[in-house]
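**Q** Please find the sequence and the predicted model below.
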Amino acid sequence: MATQKDPVCGMQVDDQNASAKSQYQGKNYSFCSADCKRKFDQQPEQYVGNQPQSKGQAQGSSSKR
């Protein structure tokens, strides 16, 4: 059973039993819910490649001051 991280909320999702799936730039993404899929489909570039979103951005902004 292969799992991957939902790019929107970070939840681990079973690829075979995912509630929703989408494809962007040739890569398949699995989602825990239709709501996460809808958010991703509206702005996929916001979620692709930014999986450790909150931690990386928070550390970067606080170290500049």
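**A** Structure's in. What do you need?
**Q** and N28, what element?
**A** Secondary structure from DSSP states H and E places N28 in strand 27-31.
**Q** which residues touch that strand?
**A** 4, 6-8, 13-15, 18-23, 37, 40, 48 (Cβ atoms under 8 Å, 6 or more residues apart in numbering). The way it works is simple: take the backbone N, C-alpha and C, and place the C-beta from them, glycine included.
**Q** So, low pLDDT: which residues of the protein?
**A** 50-65 (pLDDT under 70).
**Q** can you give me the strands in it?
**A** 3-5, 12-14, 20-24, 27-31 (DSSP state E).
**Q** Give me whichever of these is most buried.
**A** strand 27-31 (a mean of 19; mean count of other Cβ atoms under 10 Å).
**Q** Could you check the angle that strand makes with strand 20-24?
**A** For strand 27-31 against strand 20-24, the angle between stretch directions is 150 degrees (axes from the mean of the first three to the mean of the last three Cα atoms, to 10 degrees).
**Q** For strand 27-31, list the C-alpha coordinates in CSV.
**A** Output in CSV follows, covering the C-alpha atoms of strand 27-31 (Å, rounded to 0.1, in the frame of the first residue of the first chain):
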residue,chain,number,x,y,z
LYS,A,27,2.7,14.1,-11.8
ASN,A,28,-0.2,12.5,-10.0
TYR,A,29,-1.4,13.9,-6.7
SER,A,30,-3.8,12.2,-4.2
PHE,A,31,-6.0,14.1,-1.7
